[in-house]
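>>> Predicted structure and sequence below. I'll ask about it afterward.
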Amino acid sequence: MKVPSLRWVMLILLSALTVIVFERCGLPAALLLGPMLVAIIFAARGKPVVIARPLFSLAQGVVGCMIARAMPPKVFTEIAGNWPLFAAAIFAVVFASALSGWLLTRWQVLPGSTAIWGSSPGAATAMTLMAESYNADVRLVAFMQYLRVVIVAVLATLAARIWTPWAPTPALSHFMLIQLPDWPLFGATLLVIAACVGISSLFRLPAGALLISLAGGLVVQNTHLLKLELPATILLLAYTIIGWSIGLRFNRAILVYAAKALPRLLLAIFSLIAVCCGLAYLLVRFAGIDPLTAWLATSPGGADSIAIIAASSQVDLSFVMAMQTGRFIVVLFTGPLLAKWIARRAGAQPLSDTKKPDEKSG
């Protein structure tokens, strides 16, 4: 067996094993973090493989439609009915995260606008994918985003176990891979994804495959033209490809750089969590929301893991998901503008004009 083929076999087998272990441990975003971790190890050992760019774009398209599928009309109805409350809570978290990103950029904890993208409260996968298109270091953005996702999910799980009896539900049904899809709907969904990815390649929009697929998915689903059908196997492949694509860009130097920045990154993450705890208290005190619902609704990031925890707890699930979805939309569409504006205000140089972490000596 040729060396590249052997590397692919090892990458696939180790990724599958890591995902199984992470799922058993209840780790959030295991389907993405498992392949990413294995790919980081491969890259750090100087044994990378190459992920074709079209595959990466198609994986983004699948994620875009997956996000669209998770935004039913009732979520927007919930937001519209309580828009002052949602607006105040959402923009308070966005402001706190923007301030955190500005300080990390100002103090040069991370290069360029990387800290701003990494500080975005939610939409971790989308922010990681979009950051690359705006000249940020996608490796460090991923490190910061998913570090926060894990910390928030652990804290949310502990809070749920303290406040309510725990009745665990499997994450995304632990991906029942043998479940057959509705083939006509699945075929139509693939056509939507292919068309959106094709349009994005023509217009060369930043993170276009993700954003156009998200927009296209929302249109066809919420106008009842099509019920998006994404079987577990397709989602698993998409997460795996994205995890590999991000992880394979790491190297030893970038890992050392991230380790040195870790104490300040943890300070920024826990400061943002503290702000969200304050907002949750205000929701309890002045809006009559129960404490666990308020905490889960304002938690900064990891909407998918928060949804799983909320579904297993005695909370107002529609309120939690409406708040998380509303913030996701705001972050998704204001992220690029905020990143550019804050980077200019903080005096951050474009990443291409600075020394990248892997270009620094020991």
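That came through, no problem.

>>> where in this structure is pLDDT low?
When the per-residue scores of the chain are filtered using pLDDT under 70, the ranges that remain are 1-3, 27-28, 164-178, 205-207, 302-305, 307-308, 311-312, 346-362.

>>> the strands in it, which residues?
Listed in chain order, the strands found in the chain under DSSP state E amount to none.

>>> Distance from the lengthiest helix in the chain to the middle of the chain?
Looking across the chain with DSSP state H, the single longest helix is helix 252-287. Mean C-alpha position of helix 252-287 versus that of the full chain (CA atoms, centre = their mean, to the nearest Å) differs by 16 Å.

>>> what's the answer for stretch 212-229, then?
Centroid separation between stretch 212-229 and its chain, computed with CA atoms, centre = their mean, is 20 Å.

>>> Name the surrounding residues that touch that stretch.
Applying CB atoms under 8 Å, 6 or more residues apart in numbering, the external contacts of stretch 212-229 come out as 60-65, 67-69, 71-73, 181-182, 185-186, 188-189, 192-193, 195-197, 199-200, 205, 332. Where C-beta positions appear, they are placed from N, C-alpha and C, glycine not excepted.

>>> All the helices of the stretch 201-350 of the chain, in order from the start?
Listed from the start of the chain, the stretch 201-350 of the chain has helices (DSSP state H, counting those that start in this stretch) covering 208-222, 232-247, 252-287, 291-298, 303-311, 317-346.

>>> should've said the stretch 1-150 of the chain
According to DSSP H, counting those that start in this stretch, the helices that the stretch 1-150 of the chain contains are 3-24, 30-44, 53-69, 73-81, 83-106, 114-119, 124-133, 138-163.

>>> Tell me the spacing between Ala238 and Trp183.
19 Å (CB to CB, to the nearest Å).

>>> For those two, indicate the residue with more neighbours.
The residue with more neighbours, out of Ala238 and Trp183 and counting by other CB atoms under 10 Å, is Ala238; that gives 26 against 10.

>>> wouldn't that one be in contact with Val63 here?
Yes. Under the contact definition of CB atoms under 8 Å, Ala238 touches Val63, with a separation of 5.7 Å.

>>> quick one: which of the helices of the stretch 201-350 of the chain is nearest Leu37?
Ranking the helices of the stretch 201-350 of the chain by their distance to Leu37 (criterion: CB to CB) puts helix 232-247 first, at 6.8 Å.

>>> buried ones in the closest one?
By neighbour count on 16 or more other CB atoms under 10 Å, the buried set for helix 232-247 is 232, 234-247.
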